[in-house]
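Colleague: I'll drop the sequence and a predicted model, then ask my questions.
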Amino acid sequence: MKRKISAGKKASYTVVFEKEPDGGFTVLVPALPGVVTCGRTLREARTMAEDAIRTHLEGLLKDGEPIPEETEVDVERLEVDVPTAA
């Protein structure tokens, strides 16, 4: 859902911290497609995510676009069968 949020207001988004096999974290922001960042530590990844979100919102405001306001989010893990090769 997109609503016009005034500059200077607070916005809150769910972020996903995915631990990388070689260390560090990749961060995704589902409500803001295309906002992806990373960090070597969870703390750095969180800081990078805040900066990426802020930068994205600044760009939306500059372009006169509405700021997405996140609604209720459900997170779950799904198990699926891996298909056999054809």
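Modeller: Perfect, I can see it now.
Colleague: quick one: the strands in the chain, in order.
Modeller: Secondary structure of the chain (DSSP state E): strands at 2-3, 16-19, 25-28, 36-39, 67-68.
Colleague: output those as TSV; include the columns mean pLDDT.
Modeller: Listed next are the strands of the chain as TSV, based on pLDDT from 0 to 100:
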stretch	mean pLDDT
strand 2-3	50
strand 16-19	96
strand 25-28	97
strand 36-39	97
strand 67-68	89
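Colleague: need those strands in JSON lines (columns: mean neighbour count and distance to Arg46).
Modeller: The way it works is simple: take the backbone N, C-alpha and C, and place the C-beta from them, glycine included. Below are the strands of the chain laid out as JSON lines (neighbours: other C-beta atoms under 10 Å; distance: least, C-beta to C-beta, whole Å):
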{"stretch": "strand 2-3", "mean neighbour count": "10", "distance to Arg46": "25"}
{"stretch": "strand 16-19", "mean neighbour count": "12", "distance to Arg46": "8"}
{"stretch": "strand 25-28", "mean neighbour count": "18", "distance to Arg46": "8"}
{"stretch": "strand 36-39", "mean neighbour count": "17", "distance to Arg46": "7"}
{"stretch": "strand 67-68", "mean neighbour count": "18", "distance to Arg46": "20"}
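Colleague: need these in TSV with distance to Glu76, can you?
Modeller: Below are those laid out as TSV (distance: least, C-beta to C-beta, whole Å):
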stretch	distance to Glu76
strand 2-3	25
strand 16-19	13
strand 25-28	16
strand 36-39	21
strand 67-68	22
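Colleague: of those, which is nearest Arg77?
Modeller: Evaluated over the strands of the chain, closeness to Arg77 peaks at strand 16-19, with 12.2 Å, by C-beta to C-beta.
Colleague: returning to that earlier point: of all the strands of the chain, which lies closest to Ala49?
Modeller: strand 25-28 (4.4 Å).
Colleague: name the helices or strands packed onto the closest one?
Modeller: Judged by 3 or more C-beta pairs under 8 Å, 6 or more residues apart in numbering; DSSP states H and E, strand 25-28 is in contact with strand 16-19, strand 36-39, helix 42-62.
Colleague: so Phe25 bridges to which residues?
Modeller: Judged by DSSP bridges, the bridge partners of Phe25 are Lys19, Gly39.
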